[in-house]
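>>> next comes the sequence, and after it the predicted model I'd like to discuss.
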Number of protein chains: 2
Amino acid sequence: MSSAVDAIDVMIIELLAAEPRIGVLELSRRLKVARGTVQARLDRLQVRGIITGYGPDLDPAALGFAVMAFVTLEIRQHEGHDIVAVHLSTIPEVLEAHTITGSGDILCRIVARSNADLQRVIDEIVAYQGILRASTLIALAEQVRFRTLPLVRKASGG
Amino acid sequence: MSSAVDAIDVMIIELLAAEPRIGVLELSRRLKVARGTVQARLDRLQVRGIITGYGPDLDPAALGFAVMAFVTLEIRQHEGHDIVAVHLSTIPEVLEAHTITGSGDILCRIVARSNADLQRVIDEIVAYQGILRASTLIALAEQVRFRTLPLVRKASGG
DNA sequence: ACTGCACTGGACAAGTTGTACACCTCCTGG
DNA sequence: CCAGGAGGTGTACAACTTGTCCAGTGCAGT
């Protein structure tokens, strides 16, 4: 099979990432392809699940949640991970959570208004009796900002 | 100071998240406010840095990168973190990287096409001489999908 | 040679955007 | 107490974009 995306797809995605409020017509002008082509490709990218949605992208820091941390949880395994996930999803400060291999069981990304507030969030997490231990790593600086564009280029064979 | 966002901002963000390709006019109709109001608020949210952009959101798995992992790096500290960050940013599979407190120095999120491919990516990371050790946690399942909407609601005092 | 698929380029009505304006209301500082 | 500012409403208009359709072209696989 060919790669999931081709050069035109990559250019569409890059232009859209650079100027998000751009329209289909403007995209087609810049890429020098027909408008229908851009429209059809965007539809296909979405159907294939490559484009999952369009923001808006929110910055927790700008919302007043300046502290970010990664928390590794150790859980009572016989109760299952899913029930813990339900608990975690009720806490707004938990931005995401994954089950993982290794010494911990679940890794989650959380935010808080301050270091003192971080304690409150962690307390909320460990308040659930299915969670045995939480080990916290505070993120000091974002060295590489979350990005997927280089990956798309790579997937296209660029 | 008042909270960073109010109830109308939250509704705008939620509607936009639910139906991303919606227009300003349609937003104003659903929220029963004037079009200019929605337009002005979106501008302000962007100026204040709360909305940082509008997708497109890409799914690495759909691009063929089905394996996700978190890698903790231990680095030669006297050389500084920034130069390591430059190295990491040249690797497309590194989606993000943060300096952290604790036993490691840098935590990054990476993806790969398979477990075998993961080895290649890790090798690329540790190929740089400033990196002493890498410790990898493979993400098995996404228990809580990345989200910021509950946080916005909380920030608005809801 | 035939079929299916993707792309092109053109057309149309209907809807949306950017922008401007006049006016209202609430809040704050002098 | 009042002036000024910020944020809201409603209206208007031209210019542009969208959704949708169509006929025709070129290429790949059977």
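Cool, the structure landed. Numbering: from 1, shown residues only, chains lettered A, B, ... in the order given.

>>> how much space separates A:V86 from DNA strand C?
37 Å (CB to the nearest atom of the strand, to the nearest Å). Glycine gets a C-beta too; all of them are placed from N, C-alpha and C.

>>> what strand or helix carries that residue?
helix A:82-89 (DSSP states H and E).

>>> which other helices and strands does that helix contact?
Using 3 or more CB pairs under 8 Å, 6 or more residues apart in numbering or on different chains; DSSP states H and E, the elements in contact with helix A:82-89 are strand A:94-100, strand A:106-112, strand B:131-144.

>>> can you pull the buried residues of it?
For helix A:82-89, a neighbour-count test (16 or more other CB atoms under 10 Å in any protein chain shown) marks A:84-85, A:87-89 as buried.

>>> and stretch A:69-80, how far from the chain's centre?
20 Å (CA atoms, centre = their mean, to the nearest Å).

>>> and it, end to end?
End-to-end distance for stretch A:69-80, by CA to CA, to the nearest Å: 24 Å.

>>> list the contacts for the closest residue to A:L27 other than its chain neighbours?
Spatial nearest neighbour of A:L27, excluding adjacent residues (CB to CB, 6 or more residues apart in numbering or on different chains): A:V38 at 4.8 Å. Shown in contact with A:V38 (CB atoms under 8 Å, 6 or more residues apart in numbering or on different chains): A:12, A:24, A:27-28, A:31.

>>> could you pull up phi and psi at A:V38?
In terms of degrees, to the nearest 10, the main-chain angles of A:V38 are phi -60, psi -40.

>>> distance of it from A:R29?
Counting by CB to CB, to the nearest Å, the gap from A:V38 to A:R29 is 10 Å.

>>> quick revisit: can you redo the helices and strands packed on helix A:82-89 as a markdown table with mean pLDDT and mean neighbour count?
Formatted as a markdown table, those follow (pLDDT from 0 to 100; neighbours: other CB atoms under 10 Å in any protein chain shown):
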| stretch | mean pLDDT | mean neighbour count |
| --- | --- | --- |
| strand A:94-100 | 98 | 22 |
| strand A:106-112 | 98 | 23 |
| strand B:131-144 | 97 | 17 |
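
>>> quick one, which of those gets closest to B:I75.
With CB to CB, the closest approach to B:I75 among these belongs to strand B:131-144: 5.5 Å.

>>> kindly export the closest one (C-alpha atoms) in CSV.
Taking C-alpha atoms only, strand B:131-144 is exported to CSV below (Å, rounded to 0.1, in the frame of the first residue of the first chain):
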residue,chain,number,x,y,z
ILE,B,131,22.1,11.9,26.5
LEU,B,132,23.3,9.4,29.0
ARG,B,133,20.3,7.2,29.5
ALA,B,134,16.7,6.7,28.3
SER,B,135,14.0,4.9,30.2
THR,B,136,10.9,4.1,28.2
LEU,B,137,7.3,3.6,29.2
ILE,B,138,5.0,2.3,26.5
ALA,B,139,1.5,3.7,26.5
LEU,B,140,-0.9,0.7,26.3
ALA,B,141,-4.3,2.5,26.2
GLU,B,142,-5.5,6.0,26.3
GLN,B,143,-7.7,6.0,29.4
VAL,B,144,-8.6,9.7,29.3
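
>>> that one pairs with which strands, parallel or anti?
Strand pairing for strand B:131-144, determined by DSSP bridges: strand A:94-100 (antiparallel), strand B:67-75 (antiparallel).

>>> burial of A:F146, as a residue count?
12 (other CB atoms under 10 Å in any protein chain shown).

>>> so who does it touch?
Counting by CB under 8 Å, 6+ apart, the residues that A:F146 touches are B:95-96, B:109.
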